[in-house]
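>>> Provided below for reference: sequence and predicted model.
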Amino acid sequence: MISILAGIGRIFLEFLASVGRLSLFLGNSLWEGFKPPYFFRQILRQFLEIGYLSLPVVGLTALFTGMVLALQSYTGFSRFNAENAVASVVILSMTRELGPVLAGLMVAGRMGASMAAEIGTMRVTEQIDALTTLSTHPSKYLIAPRILAGVLTLPLLVMVADIIGVFGGYLVSVYKLGFNPATYLKQSWDFLERADVASGLIKAAAFGFIITSMGCYQGYYSKGGAQGVGKATTNAVVSASILILITNYLLTAILFDA
């Protein structure tokens, strides 16, 4: 019994140590990011990699999600003669939940792994130590630009994902299910509210912070050569994905007073 309790206590203490290390890491990175000098080329590079280069995977995911959502909604609502609700379900689901969550998970898989691998490789090859030797703070040069780019570009990606997802639902509803195009668009517009879009964008900004923070954190503290970098990459994607789902629930409960 004592050994079991000791094991539980050890795991709990390791968890608290990890949370404390992560908090100090993020606090230091944000503090250094606000102080000059600013590395604008690094910031623009991260905007390009996180935002523009993630558009194809996010767009395809949103398109087929909207198409499947329209099909499944129609199948379910047709049992109750409520087919007219398909448009409202598609646009509300995309803007409130599916757009932000799926975009966040796709970017986590793509950029979270990339950041952890890049920074982890720099750590094990002592390039981060070289930055410190050259009087360049690693948090300012490596971490802050990624976090800033993630927080600002994820909402833009989600806006694009919402539009593409709704368009996918429109294509299926009009050209496969036989909906009237004008009626479908009017129903979509009538049911859409600013709060729905705003909640999705708030979630996207939070997800962007989570993705970049976990990718940078896991890479920065990686060790053990190539095997350590691989482990950091896996941990970055898994931890970011889990935190995205948890944060999504918490923000939904807060924003909609559930």
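On my side now, so go ahead.
>>> what ranges in the chain fall below the confidence cut-off?
Residues of the chain meeting the criterion pLDDT under 70: 258.
>>> where exactly do the helices run in it?
2-34, 40-46, 55-77, 86-93, 99-107, 113-124, 127-133, 138, 144-175, 181-191, 194-220, 225-255 (DSSP state H).
>>> in the first one, what's buried?
Of the residues in helix 2-34, those scored as buried under the neighbour-count criterion (16 or more other CB atoms under 10 Å) are 22, 25-26, 28-30, 33. C-beta coordinates here come from the backbone N, C-alpha and C atoms, glycine included.
>>> follow-up on the earlier one: could you identify which of the helices of the chain is most buried?
Stretch with highest mean neighbour count among the helices of the chain: helix 99-107 (a mean of 26; mean count of other CB atoms under 10 Å).
>>> compute the inter-axis angle for that one and helix 144-175.
Put simply, helix 99-107 runs at 120 degrees to helix 144-175, going by axes from the mean of the first three to the mean of the last three CA atoms, to 10 degrees.
>>> restricting to C-alpha, output helix 99-107 in CSV.
Provided in CSV are the C-alpha atoms of helix 99-107 (Å, rounded to 0.1, in the frame of the first residue of the first chain):
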residue,chain,number,x,y,z
GLY,A,99,-14.2,25.0,-37.5
PRO,A,100,-12.0,26.0,-34.6
VAL,A,101,-11.5,22.5,-33.2
LEU,A,102,-10.6,20.8,-36.5
ALA,A,103,-8.4,23.7,-37.6
GLY,A,104,-6.6,23.6,-34.3
LEU,A,105,-6.1,19.8,-34.5
MET,A,106,-4.8,20.0,-38.0
VAL,A,107,-2.4,22.9,-37.2
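>>> show me what that helix is in contact with.
Contacts to helix 99-107, defined as CB atoms under 8 Å, 6 or more residues apart in numbering, come from residues 50, 54, 57-58, 61-62, 65, 150, 154, 157-158, 161-162, 165, 200-201, 203-204, 207-208, 210-211, 241, 244-245, 248.
>>> again, 7 Å this time
The contact list for helix 99-107 (CB atoms under 7 Å, 6 or more residues apart in numbering) reads 50, 54, 57-58, 61-62, 65, 154, 157-158, 161-162, 165, 200, 203-204, 207, 211, 241, 244, 248.
>>> which one of the buried residues of helix 2-34 is nearest to S114?
S29 (17.9 Å; CB to CB).
>>> contact partners for that closest one?
With CB under 7 Å, 6+ apart, S29 has these contacts: 139, 143-144, 147.
>>> tell me the one among the residues you listed nearest to R96.
Out of the contacts of S29, the member with the shortest distance to R96 (by CB to CB) is I147, at 25.0 Å.
>>> quick one: residues contacting the closest one.
29, 209, 212-213.
>>> rerun that using 8 Å as the cut-off
For I147, the contact set (CB under 8 Å, 6+ apart) comprises 29-30, 33, 209, 212-213, 216.
>>> turn the residues you listed into JSON lines, columns for distance to S222.
Below are these laid out as JSON lines (distance: CB to CB, whole Å):
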{"residue": "S29", "distance to S222": "16"}
{"residue": "L30", "distance to S222": "21"}
{"residue": "G33", "distance to S222": "21"}
{"residue": "F209", "distance to S222": "20"}
{"residue": "T212", "distance to S222": "16"}
{"residue": "S213", "distance to S222": "15"}
{"residue": "C216", "distance to S222": "11"}
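>>> out of the residues you listed, flag the one nearest to I2.
Closest approach to I2 among the contacts of I147 (CB to CB): S213, at 37.2 Å.
>>> which residues touch that closest one?
Going by CB under 8 Å, 6+ apart, S213 touches 22, 26, 147.
>>> how close does it get to F34?
16 Å (CB to CB, to the nearest Å).
>>> repeat for L148
To F34, L148 is 10 Å away according to CB to CB.
>>> contact partners for F207?
By CB under 8 Å, 6+ apart, the contact set of F207 is 100-101, 103-104, 107-108, 154, 244, 247-248.
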